[in-house]
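S.K.: Following is a predicted model, sequence given first.
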There are 4 protein chains.
Amino acid sequence: MSARTEATKRKLFVATLALIGEHGMTGLTVDDIAARAGVAKGTVYYNFGSKDGLVDALLRYGVDLLASRLASAGDEDPWQTLSQLVDALLVFFADYPTFAQLLVSELWRTPGQWHATLSLVRDEITSVIRTELQRLADAGRLPDGVQVPTAAAALFGSVLVVALDWQVFQPARTKDEVHESVMLLIRGLRGTP
Amino acid sequence: MSARTEATKRKLFVATLALIGEHGMTGLTVDDIAARAGVAKGTVYYNFGSKDGLVDALLRYGVDLLASRLASAGDEDPWQTLSQLVDALLVFFADYPTFAQLLVSELWRTPGQWHATLSLVRDEITSVIRTELQRLADAGRLPDGVQVPTAAAALFGSVLVVALDWQVFQPARTKDEVHESVMLLIRGLRGTP
Amino acid sequence: MSARTEATKRKLFVATLALIGEHGMTGLTVDDIAARAGVAKGTVYYNFGSKDGLVDALLRYGVDLLASRLASAGDEDPWQTLSQLVDALLVFFADYPTFAQLLVSELWRTPGQWHATLSLVRDEITSVIRTELQRLADAGRLPDGVQVPTAAAALFGSVLVVALDWQVFQPARTKDEVHESVMLLIRGLRGTP
Amino acid sequence: MSARTEATKRKLFVATLALIGEHGMTGLTVDDIAARAGVAKGTVYYNFGSKDGLVDALLRYGVDLLASRLASAGDEDPWQTLSQLVDALLVFFADYPTFAQLLVSELWRTPGQWHATLSLVRDEITSVIRTELQRLADAGRLPDGVQVPTAAAALFGSVLVVALDWQVFQPARTKDEVHESVMLLIRGLRGTP
DNA sequence: TATGAATGAGGATTCATTCAT
DNA sequence: AATGAATGAATCCTCATTCAT
């Protein structure tokens, strides 16, 4: 892939993300994307084959970005790692609010055209969380009855929704306050001391 | 509003909800709605003015339904009330999965055409939760640092997301298991005993 | 025709005239007419059979009004009578600007749904003018080559257009100024003294 | 604008003009226009944005055509120039009867969607007439009390209406007869010899 | 590698008219 | 004599996609 091609694709990603942020997935048109990116409409098709192809590629691009961020979390204490993961997620969603929107609005749609790619995102995140929860479970540090996969999904969902609510309805809160709220919420998982 | 009109509107609500469940918001056409409801297309416009108007009315219809269910929750012990609210929400989302989808996919969209109505839904639900959390806070039964509005939003979001995840990715779980998961998750709010 | 019916019809005429004045013939809907008149839509159909029927009736109503005004003009001197006719037309068009608009916009349309009725209006007016011009011609007071029917049409058109231009583009002019302009214009018909 | 685009636009202009001539503005559909022009419906929207946009562009196209014709009139004697202008107008309206219809039916509509463009047409024509009348006024060759702008408007309107009446109600007349009628009518402006 | 004019199926909306009350 | 809910044909417009350059 030539440098020129790569630059074109990146311009299209940026334009798409901006437009989704402004008007949502509905109302996202190839015309607008091309105009915003400063290229001709045909270029989108030349590079991505279709509108869906572009969005799908954008999604994968986002997954990679997120994965690299989550990878940096890690601590001997699983609770510390969880705290770092929550932090990384909040920062990522703050950096790419559009991505959070996209995720929440498409992830649980029945047929969903990008379902495969989005499930990938979900798995990417929940598996990291699941790993830490499992470490805790193995160490007997989780209360009885906690189902690791369900708990991981719930934690992921909570962080996602809280991040969105933070930005849309309570932008005045600081990241640390929000982080604290989430951690307080899940203290229940720690079980009675 | 005549009985005939009311019947027509209800038919259109039912048809719309069914179609959103089948094909999502995208792919929802007035043609399909009218056909499914067994009325002419013009009837949609006569009754709701536009497709958006129909969805908006449907949303308000759902709010009322949900509100009446939440109203039945109530106990001397705030924790009991919270548990009942979580239960009512899970049951409602199980009864109207489409409504949960609609909520999650539209609630945090930036401008969003139904933003006003959806905020109403959010407020309707969170205010009930907030009331209970406040009762706990007033009684000194919440840990320091818990911000009631943020906690209420987080709790609502968690239940919503968990309900969706339950249906889409883990349909085998029973409602009680899911309820238990959520309650475990928020045990943290109870503070150190 | 009962008094009630007549009142209803008049209300519909008034509403229709007002709406045409505001939005033109295009954009004139039965819904709007009924709403403005304060009656149900069905009433239009009960009274006039169709939208066209209403407009047609309105047109005939206008013709009668105009005819009665023109009838009051009359003088021994045909030039005086012409002057009075021009005056009556200007006043009528000033009183019912919408009627002038309707006339000018529909009279020369090729198929034109109200062509028959509108031609009636045209004949009503031009025949009065024609009569006076013929009196002048018979008295040898018109220059050679003046074709009475063409001249009558031209005079009618001039007055109509001048009246409209007066209202739309030069509302500051007084009626007398406009009247004077028209009379000056047609002084040519008087021939070299 | 590429040659291809220009050809497409011209085809659409021709088709539109023909259809307006046949069925009037009402009854003008984008479907018909596209079919007549031999292009897809979308092409109309690609090139003009909307049906109104197409009509507006057509109007401007007509203005230019007319302006170039009027520009060829010119004589030392202002009366001669006026005569030539009247002739040019009659010929233009005979060549493009639809344009005359469009003009008369839309020019004096209250808000009117093409009011801006149509006013442009009106100004284009009346200003040329105004110039000649002003030359006469400056030379003291107009009777007292003639208001140049009003007289110009009246003259324009007369020619327009006479041209339409000629085609619709008196097609047997020759152009020269009609021309003569108009000139006779405005001889009044020449004042007492 | 990129362009942009053209396409046409698809979908929202309008509105004159009907008819049971 | 009047109502107004319902109709559905007619129309405008959108937008993902194609293709010749």
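M.R.: Thanks, I have the structure now. This one's a predicted model, so the numbers in the text were calculated from it and none came from an experiment.

S.K.: Give me the residue ranges of chain A where confidence is low.
M.R.: Filtered on pLDDT under 70, chain A yields the residue ranges A:110-112, A:188-193.

S.K.: what residues go with each domain of it?
M.R.: Residue ranges for the domains of chain A, per automatic domain parsing: A:1-49, A:52-190.

S.K.: which residue is nearest the middle of chain A?
M.R.: residue A:100 (5.3 Å; C-alpha atoms, centre = their mean).

S.K.: Can I get the helix or strand encompassing it as PDB, trimmed to CA atoms?
M.R.: In the assignment (DSSP states H and E), residue A:100 maps to helix A:97-106. Extracted C-alpha coordinates of helix A:97-106, given in PDB (Å, rounded to 0.1, in the frame of the first residue of the first chain):
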ATOM      1  CA  PRO A  97     -16.600   9.500  21.500                       C
ATOM      2  CA  THR A  98     -17.900   8.600  18.100                       C
ATOM      3  CA  PHE A  99     -16.500   5.200  18.500                       C
ATOM      4  CA  ALA A 100     -18.400   4.700  21.700                       C
ATOM      5  CA  GLN A 101     -21.600   5.900  20.000                       C
ATOM      6  CA  LEU A 102     -21.000   3.600  17.100                       C
ATOM      7  CA  LEU A 103     -20.500   0.700  19.400                       C
ATOM      8  CA  VAL A 104     -23.500   1.200  21.600                       C
ATOM      9  CA  SER A 105     -25.800   1.900  18.700                       C
ATOM     10  CA  GLU A 106     -24.800  -1.000  16.600                       C
END
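
S.K.: ok, residue A:179 - contacts?
M.R.: Going by C-beta atoms under 8 Å, 6 or more residues apart in numbering or on different chains, residue A:179 touches A:83, A:86, A:87, A:90. All C-beta atoms are positioned from the backbone trio N, CA, C, and that covers glycine.

S.K.: And for residue A:126?
M.R.: Taking C-beta under 8 Å, 6+ apart as the contact definition, residue A:126 lies against A:149, A:152, A:153, A:156.

S.K.: Residue A:124 too?
M.R.: Shown in contact with residue A:124 (C-beta under 8 Å, 6+ apart): A:63, A:66, A:67, A:70.

S.K.: quick one, the helix holding residue A:100 and helix B:97-106 angle?
M.R.: Comparing the axes of helix A:97-106 and helix B:97-106 via axes from the mean of the first three to the mean of the last three C-alpha atoms, to 10 degrees yields an angle of 170 degrees.

S.K.: close to chain B, is helix A:97-106?
M.R.: Yes: for helix A:97-106 and chain B, the contact criterion (C-beta under 8 Å from any C-beta of the partner chain) is met by A:100, A:101, A:104, A:105, A:106.

S.K.: Show me which positions of that helix end up buried.
M.R.: A:97, A:98, A:99, A:100, A:101, A:102, A:103, A:104, A:105, A:106 (16 or more other C-beta atoms under 10 Å in any protein chain shown).

S.K.: could you dump these to JSON lines with distance to DNA strand F?
M.R.: Compiled in JSON lines, the buried residues of helix A:97-106 are given as follows (distance: C-beta to the nearest atom of the strand, whole Å):
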{"residue": "A:97", "distance to DNA strand F": "22"}
{"residue": "A:98", "distance to DNA strand F": "17"}
{"residue": "A:99", "distance to DNA strand F": "20"}
{"residue": "A:100", "distance to DNA strand F": "22"}
{"residue": "A:101", "distance to DNA strand F": "18"}
{"residue": "A:102", "distance to DNA strand F": "15"}
{"residue": "A:103", "distance to DNA strand F": "20"}
{"residue": "A:104", "distance to DNA strand F": "21"}
{"residue": "A:105", "distance to DNA strand F": "16"}
{"residue": "A:106", "distance to DNA strand F": "15"}
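
S.K.: mind checking how far residue A:5 is from residue A:50?
M.R.: 17 Å (C-beta to C-beta, to the nearest Å).

S.K.: got the angle for the longest helix anywhere in chain A vs helix A:97-106?
M.R.: Criterion DSSP state H: the longest helix present in chain A is helix A:115-138. Computed with the same axes, to 10 degrees, the direction of helix A:115-138 lies at 90 degrees from that of helix A:97-106.

S.K.: CA atoms only for helix A:115-138 - export them in PDB, please.
M.R.: These are the backbone C-alpha positions of helix A:115-138, laid out as PDB (Å, rounded to 0.1, in the frame of the first residue of the first chain):
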ATOM      1  CA  HIS A 115     -22.200  -7.400  13.600                       C
ATOM      2  CA  ALA A 116     -19.200  -9.600  12.900                       C
ATOM      3  CA  THR A 117     -16.700  -6.800  13.200                       C
ATOM      4  CA  LEU A 118     -18.500  -5.300  16.200                       C
ATOM      5  CA  SER A 119     -18.600  -8.600  18.000                       C
ATOM      6  CA  LEU A 120     -14.900  -8.700  17.500                       C
ATOM      7  CA  VAL A 121     -14.600  -5.400  19.400                       C
ATOM      8  CA  ARG A 122     -16.800  -6.700  22.200                       C
ATOM      9  CA  ASP A 123     -14.800  -9.900  22.500                       C
ATOM     10  CA  GLU A 124     -11.500  -8.000  22.400                       C
ATOM     11  CA  ILE A 125     -12.600  -6.000  25.400                       C
ATOM     12  CA  THR A 126     -14.500  -8.500  27.400                       C
ATOM     13  CA  SER A 127     -11.900 -11.200  27.000                       C
ATOM     14  CA  VAL A 128      -9.300  -8.900  28.700                       C
ATOM     15  CA  ILE A 129     -11.800  -8.300  31.500                       C
ATOM     16  CA  ARG A 130     -12.700 -11.900  31.700                       C
ATOM     17  CA  THR A 131      -9.100 -12.900  32.100                       C
ATOM     18  CA  GLU A 132      -8.700 -10.700  35.100                       C
ATOM     19  CA  LEU A 133     -12.000 -11.800  36.600                       C
ATOM     20  CA  GLN A 134     -10.900 -15.400  36.100                       C
ATOM     21  CA  ARG A 135      -7.700 -14.700  37.900                       C
ATOM     22  CA  LEU A 136      -9.700 -13.400  40.800                       C
ATOM     23  CA  ALA A 137     -12.100 -16.300  40.700                       C
ATOM     24  CA  ASP A 138      -9.200 -18.800  40.600                       C
END
